[in-house]
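**Q** Sequence plus predicted model, see below.
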Amino acid sequence: MSPGGRWRLERDEAVCLGQRRGGCRKVTRDPEIPALPGVTTTSAVADNDSAKLRALVFSKTAAFRHDAIPTALAAIQALGTEKNWQVDSTEDGAFFTDAILSHYDVVIFNSTTGDVLTDTQQAAFERFIRSGKGYMGIHSAADTEYGWAWYGQLVGAYFRNHPAGTPTATVLREDKTDPSTQGIPDSWSRTDEWYNYQSPVNPVVNGGGTDYNPRNTDGVHVLLKMDESTYAEDDGSDGTDDDHPISWCKKYDGGRSFYTGLGHTQASYAEAGIRSHIAAGIEIAAGVLPSAACGVAAANAGMADSRLVRVSRRA
């Protein structure tokens, strides 16, 4: 067993399977989930019908790699323990097949970067979202798959640039009723790496282009935004306080998308506001927590806790 309780695959890609209160455990592969090429330890465990949701945390990087990735993963696993989620994690794109993804309610792109999925894997993920499932993007998930136009619309914007370092700035709570912003003050001063964004249409790969307001992307509902008067944003218009969303959600192509630009630093994941924001975002994207803006209706969300809905993922 590797440090942190994750099983290692032959290609040195980490996958943590069947996260429970006691941590990761070696299990027998679910016969309904086909074995993955190059994986000799195990592939995946059966659905836990008593879990509130099942999430796959995907942390593959093909460009810059954030040192907060393991910290974010550990935080999500801890939230899973607290909230009765079944949490698996991988850095292997081979998990993106119809058979495997059908066991999940939400896939979390944990500060992914670059081209992380093949065309075939992308197509499987598109079908996953169209089946009514969810996507959660953390921080540099917006710095991912610039050549995949569908993904750009799913996220709502791509990374453009950021000011040097991790300055202290103020985040403004725009939506004061969404579950993902509860517990966050109206004016929230914190330290992070503050992204500027570019359009999801014809983006400059790995950042660049013209400064863009994600609010202009069809379907985007803004949850949190930056107070640009509190820092030098380096967006080409310093001195002008632009509308600058930093967290948003949307309904897209039959499913749900939730993105937050927060979470560059390891210290972020010790903040109560970050943990509650991410936890609610995951549950909204998974369809088990109602959100008027981007989630399912309350009656439908309640069904997700039933055994019938849990079993239906295998269909």
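**A** Done, it's in.
**Q** Pull out the buried residues from stretch 67-81.
**A** Within stretch 67-81, the residues that qualify as buried are 68-77, 79-80, counting by 16 or more other CB atoms under 10 Å. For the C-beta atoms, the positions are set from N, CA and C on the backbone; glycine is no exception.
**Q** actually stretch 124-143, sorry about that
**A** By neighbour count on 16+ other CB under 10 Å, the buried set for stretch 124-143 is 124-129, 133-143.
**Q** quick one: residue 57 is in a helix?
**A** No - checked against DSSP: H, G, I helix; E, B strand; the rest coil, residue 57 lies outside a helix; its state is strand.
**Q** Count residues in the vicinity of it, would you?
**A** Counted with other CB atoms under 10 Å, the neighbours of residue 57 add up to 26.
**Q** Surely it is in contact with residue 75?
**A** No - in terms of CB atoms under 8 Å, residue 57 does not count as a neighbour of residue 75; the distance is 10.2 Å.
**Q** ok, now which ones touch the residue nearest to residue 201 when sequence neighbours are not counted?
**A** For residue 201, the nearest residue in space outside its immediate sequence neighbours is residue 152; the separation is 7.0 Å by CB to CB, 6 or more residues apart in numbering. In this structure, residue 152 makes contact with 145-146, 158, 200-201, 203, judged by CB atoms under 8 Å, 6 or more residues apart in numbering.
**Q** Looking at neighbours, which among the residues you listed is most surrounded?
**A** With neighbours taken as other CB under 10 Å, the top of the contacts of residue 152 is residue 158, carrying 28 neighbours.
**Q** And stretch 163-173, what's buried?
**A** Under the neighbour-count criterion of 16+ other CB under 10 Å, stretch 163-173 has 163, 166-167, 169-173 buried.
**Q** can you redo the residues you listed as JSON lines with secondary structure, pLDDT and distance to residue 118?
**A** As requested, the buried residues of stretch 163-173 are arranged in JSON lines below (DSSP: H, G, I helix; E, B strand; the rest coil; pLDDT from 0 to 100; distance: CB to CB, whole Å):
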{"residue": "163", "secondary structure": "coil", "pLDDT": "96", "distance to residue 118": "34"}
{"residue": "166", "secondary structure": "coil", "pLDDT": "97", "distance to residue 118": "33"}
{"residue": "167", "secondary structure": "coil", "pLDDT": "97", "distance to residue 118": "37"}
{"residue": "169", "secondary structure": "strand", "pLDDT": "98", "distance to residue 118": "37"}
{"residue": "170", "secondary structure": "strand", "pLDDT": "98", "distance to residue 118": "41"}
{"residue": "171", "secondary structure": "strand", "pLDDT": "98", "distance to residue 118": "36"}
{"residue": "172", "secondary structure": "strand", "pLDDT": "98", "distance to residue 118": "39"}
{"residue": "173", "secondary structure": "strand", "pLDDT": "98", "distance to residue 118": "39"}
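**Q** pretty sure residue 190 belongs to a helix, no?
**A** No - when classified by three-state DSSP, residue 190 is found to be strand rather than part of a helix.
**Q** measure the closest residue to residue 195 other than its chain neighbours to residue 60 for me?
**A** For residue 195, ignoring the flanking residues on the chain, the nearest one in space by CB to CB, 6+ apart is residue 261 at 4.6 Å. Relative to residue 60, residue 261 is positioned 19 Å away (criterion: CB to CB, to the nearest Å).
**Q** higher neighbour count, those two?
**A** A count of neighbours by other CB under 10 Å puts residue 261 above the other of residue 261 and residue 60, at 29 against 21.
**Q** Hmm, the more buried one is touching residue 194, no?
**A** Yes - using CB under 8 Å, residue 261 is in contact with residue 194, at 7.4 Å.
**Q** Give the intersection of the neighbour lists for the two.
**A** With contacts taken as CB under 8 Å, 6+ apart, the residues that reach both residue 261 and residue 194 are residue 246.
**Q** same question for stretch 46-55, mean pLDDT?
**A** Mean per-residue pLDDT for stretch 46-55: 95.
**Q** nope, stretch 95-110 is what I meant
**A** For stretch 95-110, the mean per-residue pLDDT is 97.
**Q** do the same with stretch 196-214
**A** When the per-residue pLDDT values of stretch 196-214 are averaged, the result is 97.
**Q** list the buried ones in that stretch?
**A** For stretch 196-214, a neighbour-count test (16+ other CB under 10 Å) marks 196-200, 203, 207, 209, 211-214 as buried.
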